[in-house]
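K.L.:
3D model of this:
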Amino acid sequence: MLNRSGTHPSALPQLLQRDPSGRMTIRSSVLQQLVSESSNLSRLVGATQSIMAELDLDALLGVIMNTVTEVMHADRSTLFLIDRNRQELWSRVAQGSDEIRIKLSEGISGFVATTGETVNIVDAYQDDRFSRDYDLRTGYRTRSILCMPIHDQSGAIIGTIQVLNKLDGDRFTETDVQLLAAFASLAGISLVNARAFDELRKARDFLEIRVEERTRDLEESRQEIQKLNEFTLKINALSELDEIVSEVFGFIDENFDIDGTMLILANFDNGEFVVSHLSESLQQVMGEHLDRLKSLRTPLSPDAGTLWKVYASKKRLYLSRIPEVEIHSEVDRLFYEALDLKAFLMVPLIIRGETIGIACFTSVRKRMKLSLDELDSIGRFCNQIAGAVYNSSLYEQVKQERARAESLLLSILPEQVATELKQKGSVTPASIGSVSVLFTDFVGFTGIAERMSPWELIRELDGCFSQFDEICRRNGLEKLKTIGDAYMAAGGLPILNHTHPVDACLTALELLTFMEGLQEIKDQMGHNFWRLRIGVHTGPVTAGVIGKAKFAYDIWGDAVNIASRMESSSDPNRINISGATHELVKEFFVCEYRGKVAAKNKGELDMYFLNRIRPELCEDENGRVPGEEFRKLYRKLQIAV
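P.N.:
Residues are numbered from 1 along each chain as shown. Next comes the predicted model:
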């Protein structure tokens, strides 16, 4: 119940107080709180009007962030949205930075996004979930954080919203939590609406483009083949060839009572016919011929029999019955035997005067009997679908080429660097404070190589370096390059980590184990073979990509030079590490101090031979295989701050 003033009775004793003279006065602290809450409510109402009126997703994100930062008296704010396909959180609006993408399981926002819990932290550096990487990279100091999930109308989490560093206090209050929750609820509704509007606009634009491209052809025969055009619009919205063919097979069966359909495409690059798709009913009756027909590849030549006849003439071929004559073409014989043909129709798919494929029709349920009108209708249908089939086959080729290009790029550059290069067209150079650089070199390479043929030399080097690549990948090192018989890799980049000195040493031990095994085999065969020399050093480097036509990811700095000196100062079948690396790995490995050893252009440097994993940490007698205690120490190093 409210009294006549509109105030709840229980609120009056907190709001009013009686002074010594007996007069009732308003408590100043309570009044200030009411004024503050009234101001926040007013700002929320004002923000609601601005946010609900905005349908552009990017603009909406900007409005939400600017309003939240101001109203919450925070230094910065960020709104992350969940990308379910990539299992990531992303934000195009992170005040003070460019677009951010993080794994869904990482950081404060990742925790909130996966658990749905609200997190209110006074000192971010005291929370193990917080990553300092951004602060270390930019010089920013994160202190207080308030982060909570954003839900859609169904209650599903679609993102998170967080504010950083309360400006008028050292922490965010419960009132701030309630206020941000109101913004999160408002943001959830608005984001769903904006996304729906954005998807609707994209769908509209897409359909407009497709309609513009097809209007002229559709108008010429719209009245006559309205049903075919409706189907064409449907398949033209698809890009995957499998989806298009599935729709085509279903349409043919439904409208012409033909359940046996086969699509054969002309592969112009290889100069051959290729069976692309077979309807399910055909596959069921082929028996032992199925694999032969599915894998059929025959040259674009008269040897292909009726396939070539239809391809070259660009005219359909309809056999209402199969004549009892000798079949000379192997392809025709395969069709006859595999499909148990009683009747057969072959229609060319023609684009701009060129046959790009052949649609073949028969019936499994009953003998196929087609009238002239039905043949013409099927012909018009094939003309209509030719463009979609051709475009989708080109799309498949583009996808394959893109996949090959991306695979090639990833074989040259680290994944993170390749992604940045594809997105931005360039890679920002990075100064990295700690990287472990590994060099190897084959002792006696020149003398032994001179007695090999070029083919033998390349085969041996490729065998060794391919295994080196796999060992580096397995231990988290990034291969950088080979120069002659020298091999260079590094740990701790491009993704920073704390374990790279140990990773480099494990890699070195595994490389040495591999080469010693190979040497033993060669020795038993009576062949002299190279001995491996390894050097490792840890220090700061600059990393980046050089080149325009040919890209190369490389590192520069004194640490690279010292690592090279470690390798050249090593002995055959030994691993030589620097004093800097030794300090970081001495709890894991048994090392032999060599004293200060003179290194070219570097004076005298502390050097150690890395002999093995410590006995108490390994699983084997030779000290090459880490044990459980080793892994425990390693896990502690992984999460070290």
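
K.L.:
Helix or strand next in line after the lengthiest helix in the chain, which one?
P.N.:
For the chain, the helix with the greatest residue count under DSSP state H is helix 174-220. Scanning forward in sequence from helix 174-220 by DSSP states H and E, the next helix or strand is helix 226-236.

K.L.:
and the longest helix of the chain with helix 226-236, angle?
P.N.:
Orientation check (axes from the mean of the first three to the mean of the last three C-alpha atoms, to 10 degrees): helix 174-220 against helix 226-236 gives 140 degrees.

K.L.:
Quick one: list the elements packing against helix 174-220.
P.N.:
helix 28-53, helix 57-71, strand 145-151, strand 157-166, helix 226-236 (3 or more C-beta pairs under 8 Å, 6 or more residues apart in numbering; DSSP states H and E). Every C-beta, even on glycine, is put in place using the N, C-alpha and C of the backbone.

K.L.:
The last one packs against which elements?
P.N.:
This points to helix 226-236. In terms of contacts (3+ C-beta pairs under 8 Å, 6+ apart), helix 226-236 is packed against helix 174-220, helix 241-256, helix 372-412.

K.L.:
Now distance to residue 613 and mean neighbour count too, for those, in TSV please.
P.N.:
Shown next, in TSV, are those (distance: least, C-beta to C-beta, whole Å; neighbours: other C-beta atoms under 10 Å):
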stretch	distance to residue 613	mean neighbour count
helix 174-220	50	15
helix 241-256	51	18
helix 372-412	31	15
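
K.L.:
got these as CSV, with distance to residue 354 and mean pLDDT columns?
P.N.:
Below are the helices and strands packed on helix 226-236 laid out as CSV (distance: least, C-beta to C-beta, whole Å; pLDDT from 0 to 100):
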stretch, distance to residue 354, mean pLDDT
helix 174-220, 17, 75
helix 241-256, 18, 81
helix 372-412, 9, 75
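
K.L.:
can you redo those helices as TSV with distance to residue 605?
P.N.:
As requested, these are exported to TSV (distance: least, C-beta to C-beta, whole Å):
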stretch	distance to residue 605
helix 174-220	55
helix 241-256	62
helix 372-412	33
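
K.L.:
of those helices, which approaches residue 283 most closely?
P.N.:
Closest to residue 283 of those, according to C-beta to C-beta: helix 241-256, at 11.5 Å.

K.L.:
Give me the buried positions along stretch 602-617.
P.N.:
Of the residues in stretch 602-617, 605, 607-608, 610, 612-614, 617 count as buried by neighbour count, 16 or more other C-beta atoms under 10 Å.

K.L.:
so which of those residues comes closest to residue 490?
P.N.:
Of all those, residue 610 has the smallest distance to residue 490: 16.8 Å, by C-beta to C-beta.

K.L.:
Now do the contacts for the nearest residue to that closest one once chain neighbours are set aside.
P.N.:
Excluding the flanking residues, the one nearest residue 610 by C-beta to C-beta, 6 or more residues apart in numbering is residue 575, at 4.1 Å. Residue 575 sits next to 505, 508-509, 512, 534-536, 609-610 when contact means C-beta atoms under 8 Å, 6 or more residues apart in numbering.

K.L.:
now swap in residue 333 and tell me
P.N.:
residue 327.

K.L.:
Any buried residues in the helix or strand harbouring it, and which?
P.N.:
Element membership for residue 333, per DSSP H and E: helix 330-339. Residues 331-332, 334-335, 337-339 are the ones in helix 330-339 that count as buried (16+ other C-beta under 10 Å).

K.L.:
next one: stretch 596-603
P.N.:
Going by 16+ other C-beta under 10 Å, stretch 596-603 has these buried residues: 597, 599.

K.L.:
I'd like the C-alpha coordinates of that stretch written as PDB, please.
P.N.:
Coordinates of each C-alpha in stretch 596-603 appear next as PDB, following Å, rounded to 0.1, in the frame of the first residue of the first chain:
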ATOM      1  CA  LYS A 596      82.600 -19.300 -20.500                       C
ATOM      2  CA  VAL A 597      83.200 -20.200 -24.100                       C
ATOM      3  CA  ALA A 598      84.400 -17.800 -26.800                       C
ATOM      4  CA  ALA A 599      81.700 -17.100 -29.400                       C
ATOM      5  CA  LYS A 600      82.300 -15.400 -32.700                       C
ATOM      6  CA  ASN A 601      81.700 -11.600 -32.400                       C
ATOM      7  CA  LYS A 602      80.100 -12.200 -29.000                       C
ATOM      8  CA  GLY A 603      83.100 -12.600 -26.700                       C
END
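
K.L.:
Let me know the average pLDDT across that stretch.
P.N.:
For stretch 596-603, mean pLDDT is 78.

K.L.:
picking that back up, present the buried residues of stretch 602-617 as JSON lines; the columns should include secondary structure.
P.N.:
Compiled in JSON lines, these are given as follows (DSSP: H, G, I helix; E, B strand; the rest coil):
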{"residue": "605", "secondary structure": "strand"}
{"residue": "607", "secondary structure": "strand"}
{"residue": "608", "secondary structure": "strand"}
{"residue": "610", "secondary structure": "strand"}
{"residue": "612", "secondary structure": "strand"}
{"residue": "613", "secondary structure": "strand"}
{"residue": "614", "secondary structure": "coil"}
{"residue": "617", "secondary structure": "helix"}
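
K.L.:
Columns distance to residue 76 on top of those, output as JSON lines?
P.N.:
Output for these, formatted as JSON lines (distance: C-beta to C-beta, whole Å):
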{"residue": "605", "distance to residue 76": "45"}
{"residue": "607", "distance to residue 76": "47"}
{"residue": "608", "distance to residue 76": "46"}
{"residue": "610", "distance to residue 76": "45"}
{"residue": "612", "distance to residue 76": "49"}
{"residue": "613", "distance to residue 76": "45"}
{"residue": "614", "distance to residue 76": "46"}
{"residue": "617", "distance to residue 76": "44"}
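
K.L.:
Return the closest of those with respect to residue 467.
P.N.:
residue 610 (19.7 Å).

K.L.:
confidence score at the closest one?
P.N.:
Residue 610 carries a pLDDT value of 95.

K.L.:
Give the buried residues for the strand or helix carrying residue 110.
P.N.:
Residue 110 is part of helix 107-115 when elements are defined by DSSP H and E. Within helix 107-115, the residues scored as buried using 16+ other C-beta under 10 Å are 107-114.

K.L.:
quick revisit: any of the contacts of residue 575 buried? List them.
P.N.:
With burial judged by 16+ other C-beta under 10 Å, the buried subset of these is 505, 508-509, 512, 534-536, 610.

K.L.:
Out of the residues you listed, flag the one nearest to residue 561.
P.N.:
Closest approach between those and residue 561, by C-beta to C-beta: residue 535, at 11.0 Å.

K.L.:
what's the spacing between residue 264 and residue 576?
P.N.:
Separation of residue 264 from residue 576 (C-beta to C-beta, to the nearest Å): 63 Å.

K.L.:
Compare neighbour counts for these two and give me the winner.
P.N.:
Set residue 264 next to residue 576 and count neighbours by other C-beta atoms under 10 Å: residue 576 wins out with 26 against 23.
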